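K.L.:
build me a structure from this.
(one chain, ligands or ions: 1)
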Amino acid sequence: MKITLVIFAVIVVAAVCGTVGWRLLANRPSQATIPLTAKPQGKVAIVYYSQSQVQNTATLARWIQKHAGGDLIALELVTPYPEPYPATLKAVERDLNEGRLPKLKTIPRLEGYDVVFLGSPIWYGSYAPPLETFLRANALAGKTVAPFCTHGGSGEGRFVADLRKACPQARMLERLSLRGSNQIERRLKRGLSLRHTEDDVVNWLNRLFAGPQND
Ligand SMILES: Cc1cc2nc3c(=O)[nH]c(=O)nc-3n(C[C@H](O)[C@H](O)[C@H](O)COP(=O)(O)O)c2cc1C
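P.N.:
Numbers count the residues shown, from 1 in each chain. Next comes the predicted model:
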């Protein structure tokens, strides 16, 4: 009886602490606290695809734009993937197996841009097919490319290796890979700022663009 009571008390305390901690984390400010010391030179575009309700990759793209400047360009599909999540998984898997690429409403034209931040969620261990559609039309030859991605816990997988293959003539910088949300977190509408803040972006930009630019 005593042991049952102790176990019950431990469960209650753990549940309360977990809920409070989760709420504190979810509500903490995501603004940067460290100074930006380096920025890209030239004309900057931030091209990205983001799919889920919590829009992790879009959030990261906006953080990048806030600190690096440039034009924010979202890739949009003619026919959006079906929702909810299991249906998206199935549709993407089928497309990948059958070698089918989604059509984009418009293919952004990037002549005149020098630096392209290129972002995607990680899907089945690599970048999402909408990015592939974009890259088939524009392999970013001669551009400086800064890749970024969000994932649900598996890490970036083949993201950078596949991008290098898709844009062999681009100058590929170090990537930023952040954990976005897993399935449960997405359901609870918990996104990127659960674990990350703009400091992650500022640190990355400071590393990428420090020193004589584009050496
Ligand atoms: C079709 C599909 C495949 C996914 N594959 C992976 C994966 O291989 N590894 C992983 O960690 N997360 C995977 N995820 C989760 C997303 O990468 C993660 O939730 C991401 O932050 C979502 O970004 P978004 O909000 O910009 O769409 C997958 C999600 C979908 C819809």
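K.L.:
alpha carbons only for contacts and neighbour counts from here, please
P.N.:
OK.
K.L.:
hang on, Leu77 packs against Lys103?
P.N.:
Yes. With contact taken as Cα atoms under 8 Å, Leu77 and Lys103 are classed as touching, separated by 5.8 Å.
K.L.:
quick one: which of these two has more around it?
P.N.:
Shown here are Leu77 and Lys103; by other Cα atoms under 10 Å, Lys103 has more neighbours (17 against 14).
K.L.:
so what's Arg109 closest to, chain neighbours aside?
P.N.:
Spatially, and ignoring its direct neighbours in sequence, Arg109 is nearest to Asn138 (7.9 Å; Cα to Cα, 6 or more residues apart in numbering).
K.L.:
now the common contact residues for Leu77 and Lys103.
P.N.:
Common contacts of Leu77 and Lys103 (Cα atoms under 8 Å, 6 or more residues apart in numbering): Pro130.
K.L.:
what's the neighbour count on the residue nearest to Arg109?
P.N.:
For Asn138, using other Cα under 10 Å, the count is 16.
K.L.:
and it, how far is that from the ligand?
P.N.:
21 Å (Cα to the nearest ligand atom, to the nearest Å).
K.L.:
do Arg158 as well
P.N.:
Counting by Cα to the nearest ligand atom, the separation of Arg158 from the ligand is 10 Å.
K.L.:
and the residue nearest to Arg109, its phi and psi?
P.N.:
As for Asn138, its main-chain torsions (degrees, to the nearest 10) stand at phi -150, psi 100.
K.L.:
can you list the residues of this structure near the ligand?
P.N.:
Residues of the chain lying close to the ligand (Cα under 6 Å from any ligand atom) are 50-52, 54-58, 85, 88-89, 92, 121-125, 150-155, 180-182.
K.L.:
figure out how far stretch 119-128 is from the centre of its chain.
P.N.:
Relative to the chain's own centre, stretch 119-128 is displaced by 8 Å; criterion: Cα atoms, centre = their mean, to the nearest Å.
K.L.:
what about this protein, any weak spots by pLDDT?
P.N.:
1-28, 212-215 (pLDDT under 70).
K.L.:
domain-wise, how is it divided?
P.N.:
Domain ranges of the chain: 1-30, 34-203, per automatic domain parsing.
K.L.:
wait, which of those domains is closest to Phe209?
P.N.:
Closest to Phe209 of those, according to Cα to Cα: domain 34-203, at 5.3 Å.
K.L.:
and that closest one, end to end?
P.N.:
Terminal residues of domain 34-203 lie 8 Å apart, using Cα to Cα, to the nearest Å.
K.L.:
chain center to it, what's the gap?
P.N.:
Distance, centroid of domain 34-203 to centroid of chain: 5 Å (Cα atoms, centre = their mean).
K.L.:
where exactly do the helices run in this protein?
P.N.:
2-27, 56-68, 85-98, 129-137, 159-166, 183-187, 198-209 (DSSP state H).
K.L.:
what's opposite the nearest residue to Arg164 once chain neighbours are set aside in the beta bridge?
P.N.:
Leaving aside its chain neighbours, Arg164 sits nearest to Met172 (7.2 Å; criterion: Cα to Cα, 6+ apart). Listed by DSSP bridges, the beta-bridge partners for Met172 are Val145.
K.L.:
make 2 the first number, not 1, from now on.
P.N.:
Happy to do that; since the first residue is 2 now, the last one works out to Met173.
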